[in-house]
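> next input, structure requested:
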Amino acid sequence: MARYMFIMECKEGSQEEYKKRHQAVHPELLEALKEVGISNYSIFMDDTKLYAYMEVDDYHRAMKELENNPANRKWQAFMSDILAMDEKGDPKMYLIDQEVFHLD
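Sure thing, here's the model as predicted:
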């Protein structure tokens with residue numbers, strides 16, 4: 001299982017709302033994440049910066065499958081008012097996929 005990290009950002013003043021929404025992630029989204037092979041998924045927050053970690057065999061395939069998943073589209077629309085978005089209307093994400101050290 002490969003490990004991936006990505007960085008996102010929530011809008012200033014939206015930190016508490018971001019936390020609140022993640023206390024009640026839609027069950028259908030959790031199922032969709034598992035269906036595409038994502039596991040051990042965590043998000044850490046430092047002010048407005050969001051650092052996400054996940055394990056998945058093929059990150060790019062999983063993201064492509066999620067793009068068309070209704071539960072993911074619903075969640076993305078729900079989160080769009082509090083996340084920094086790119087010019088296409090997607091959350092700004094910076095993927096970090098080069099692991100240089102790991103300790104089990």
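> the strand or helix carrying Asn40 - what's its average pLDDT?
Using DSSP states H and E, Asn40 sits within strand 39-46. Strand 39-46 shows a mean pLDDT of 98.
> which secondary structure elements does that strand contact?
Contacts of strand 39-46 with other secondary structure elements, assessed using 3 or more Cβ pairs under 8 Å, 6 or more residues apart in numbering; DSSP states H and E, are made with helix 15-22, strand 49-56. From N, CA and C alone the C-beta is placed, and that goes for glycine too.
> which strands or helices does the last one pack on?
When contacts are defined as 3+ Cβ pairs under 8 Å, 6+ apart, strand 49-56 sits against strand 2-9, strand 39-46.
> quick one: the last one to chain centroid distance?
For strand 39-46, the gap between its own C-alpha mean and the chain's C-alpha mean amounts to 8 Å (Cα atoms, centre = their mean, to the nearest Å).
> just the CA trace of that strand, in CSV.
Taking Å, rounded to 0.1, in the frame of the first residue of the first chain, the C-alpha atoms of strand 39-46 are listed here in CSV:
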residue,chain,number,x,y,z
SER,A,39,-7.5,3.5,4.1
ASN,A,40,-5.7,5.0,7.0
TYR,A,41,-6.9,8.5,6.0
SER,A,42,-6.2,11.4,8.4
ILE,A,43,-6.4,15.2,8.1
PHE,A,44,-4.4,17.5,10.3
MET,A,45,-5.0,21.2,10.7
ASP,A,46,-2.6,24.1,11.4
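> next, the angle from it to helix 15-22.
Using axes from the mean of the first three to the mean of the last three Cα atoms, to 10 degrees, the inter-axis angle of strand 39-46 relative to helix 15-22 is 160 degrees.
> can you check the first one too?
With the same axes, to 10 degrees as the basis, strand 2-9 and helix 15-22 are set at 140 degrees to each other.
> give me the contacts around strand 2-9.
Applying Cβ atoms under 8 Å, 6 or more residues apart in numbering, the contact partners of strand 2-9 are 48-59, 83-84, 91-97, 99, 102.
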